[in-house]
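Student: Provided below are the primary sequence and the corresponding predicted coordinates.
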Amino acid sequence: MKLKSGLTAMFCAMFGAVAFASAANAAKIGVSMPTQSLQRWNQDGSNMKAMLEKSGHDVDLQYAGDNDIPTQVNQIENMIASDCDVIVIASIDGSALTEVLKGAKDKNIPVIAYDRLIMNSDAVSYYATFDNTKVGRLQGQYIADALDLANAKEPLNIELFTGPTDDNNVNFFWGGAMEVLKPYIDKGTLVVPSGQTSKEQCATLNWNLEEAQKRMENIISSVGYGPEDTPLAAVLAQNDALANGVTNALLATGYDNTNMPVITGQDCDKPGVKNIKRGYQSMSVFKDTRTLAAQVVKMVDAIVAGQPVEVNDTTTYDNGTGVIPSFLCEPVAADKNNYQKLLVESGYYTEDEL
Ligand code: BGC
C-alpha cells in the first residue's frame, strides 16, 4: 500500500478509517533496533514484530549488529528503498541519521523515533518513549531516600555512571537524577571523591558493562574505596548493564551483600533483577517494553489508517528541527520489595527466569 500520494490522503479523508481497515493490513513496516547484545532491545524488537503482525502488517525487523552505526544506516536505507510505509527506529547515535532520513522525507515515509529521540532530522514524525526525566528522578530519589539524605549529618560518598552522551536519553536521565541529587552535592551532603562530576566524565561508551567495570576499578584504586577503607555510600548507575559492571568491580574489592553501597539501575533486565535478589544492586527502573511496543503499534495503525495519532507530550522533546509530538510511558521504580508483583505477577518474567 502507498500512504504517500495525495490521492491516498484524499481517499483517507473522504472514506475514513473503515475504508482503510483492509488496506492497513497490507502496510509494510520497517523496524530498526540498535543491538541484540542487550536483553531489552531483543524484547522491544520481538514484541513489536509480534504486535505489528497481529495488526496485519508485514514487518522488516533489523538489528544493527552490536551498536554498529553504518549497519543501522544501511538497514534504514534498504527500508526506504523497499518502500516501507512507516519506519520505526531506536537509534544508536541520535545524531547520525540526518543524512539517511532525507531519503525517507523525500518519499514521505513517516518515521517514528523509538525510545531514543533522533536528532537534527525533520523526517521524524513522532516519538514514543518512557518519561526519561522521571527515570532519572526515580534513581536519584531512591538514593536520597535510602541514605536519608534530608537528615544526613556526615558527608556521604557517591560516584556517578551514565550512558553515552550521543544517546539523547542520557541527558534526560541525568537531568532527572540531578534535580534530586545536585542540591545535596552543592550542600556537601553528597561528595564525589573521584572528582568526576560532569556528564561527559561519567559517560560510558555504548552502555558497555566492561567499560563501566573498568572505570569503577580505576576509581576504587584512585580513591581507595573498600569495605574497610574509604566508605562508598551510593553509585548512580543509569542502567542495569552499568550497575552490573560497577557491582563486579565492588565484589572483586571485597564488598558483599552486607555492605554494598546503594546502586541504581534501569530496565529490570534479568541480570539486574538477579542482583537485586542477591542484595548486590538496590533498585532498577522497570520500563515495560510491552507497553512501549503496544503504543508504537497504535501509532503505526493510526498513521496507516490516516487517523490522528495519540500523543501526551508536545513540549519536551525538541530534536533541533522543532518539538516532536511524543507519547511518554510511565517508568516505575523496582526493588526487592516489589519486583515480584511488578515483574512476575504481571507475566513479564517467570519466577524460574529470575
Ligand atoms: C534506554 C535504556 C537502555 C539503554 C542501553 C537507553 O536509551 O532508554 O533503557 O538501558 O539505552 O541500551
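Tutor: Arrived safely, thanks for sending.
Student: what does the stretch 51-200 of the chain have sitting close to the ligand?
Tutor: Asp115, Arg116, Gly163, Asp167, Asn169 (CB under 6 Å from any ligand atom). For glycine as for every other residue, the C-beta is placed from the backbone atoms N, C-alpha and C.
Student: how near is the last one to Ala113?
Tutor: Read it as Asn169. Plainly put, Asn169 is 11 Å away from Ala113 if you go by CB to CB, to the nearest Å.
Student: the more surrounded of those two?
Tutor: Comparing Asn169 with Ala113 by neighbour count (other CB atoms under 10 Å), the higher total belongs to Ala113, at 29 against 22.
Student: which residues of the protein score low on pLDDT?
Tutor: 1-25 (pLDDT under 70).
Student: thinking again about what came up before, what's the overlap in contacts for Asn169 and Ala113?
Tutor: Residues touching both Asn169 and Ala113 (CB atoms under 8 Å, 6 or more residues apart in numbering) are Thr129.
Student: let me see the domain layout of this structure.
Tutor: Split into domains by automatic domain parsing, the chain comes to 5-131+289-329, 132-286.
Student: ok, Leu342 - contacts?
Tutor: Neighbouring residues of Leu342 by CB under 8 Å, 6+ apart: Cys268, Phe286, Val332, Ala334, Tyr348.
Student: list the contacts for the second one?
Tutor: With contact set as CB under 8 Å, 6+ apart, Phe286 has these partners: Asp267, Cys268, Pro331, Val332, Ala333, Ala334, Leu342, Leu343.
Student: who does it form a beta bridge with?
Tutor: Val332 (DSSP bridges).
Student: ok, now how distant is it from the ligand?
Tutor: As judged by CB to the nearest ligand atom, to the nearest Å, Phe286 and the ligand stand 10 Å apart.
Student: look up how far Ile76 lies from that residue.
Tutor: Distance, Phe286 to Ile76, using CB to CB: 30 Å.
Student: circling back: and the two most separated of the contacts of Leu342?
Tutor: The distance between the two most remote of the contacts of Leu342 (CB to CB) is 11.5 Å, for Val332 and Tyr348.
Student: state the three-state secondary structure for Ala113.
Tutor: strand (DSSP: H, G, I helix; E, B strand; the rest coil).
Student: thought it was touching Ser91?
Tutor: Yes. Counting by CB atoms under 8 Å, Ala113 touches Ser91, with 7.0 Å between them.
Student: contact partners for Ile324?
Tutor: So Ile324 contacts Ala113, Leu117, Val124, Ser125, Tyr126, Tyr127, Tyr317, Asp318 (CB under 8 Å, 6+ apart).
Student: nearest residue to it in space, please, no chain neighbours.
Tutor: Counting by CB to CB, 6 or more residues apart in numbering, Ile324 lies nearest to Tyr127, which is 4.5 Å off, once chain neighbours are set aside.
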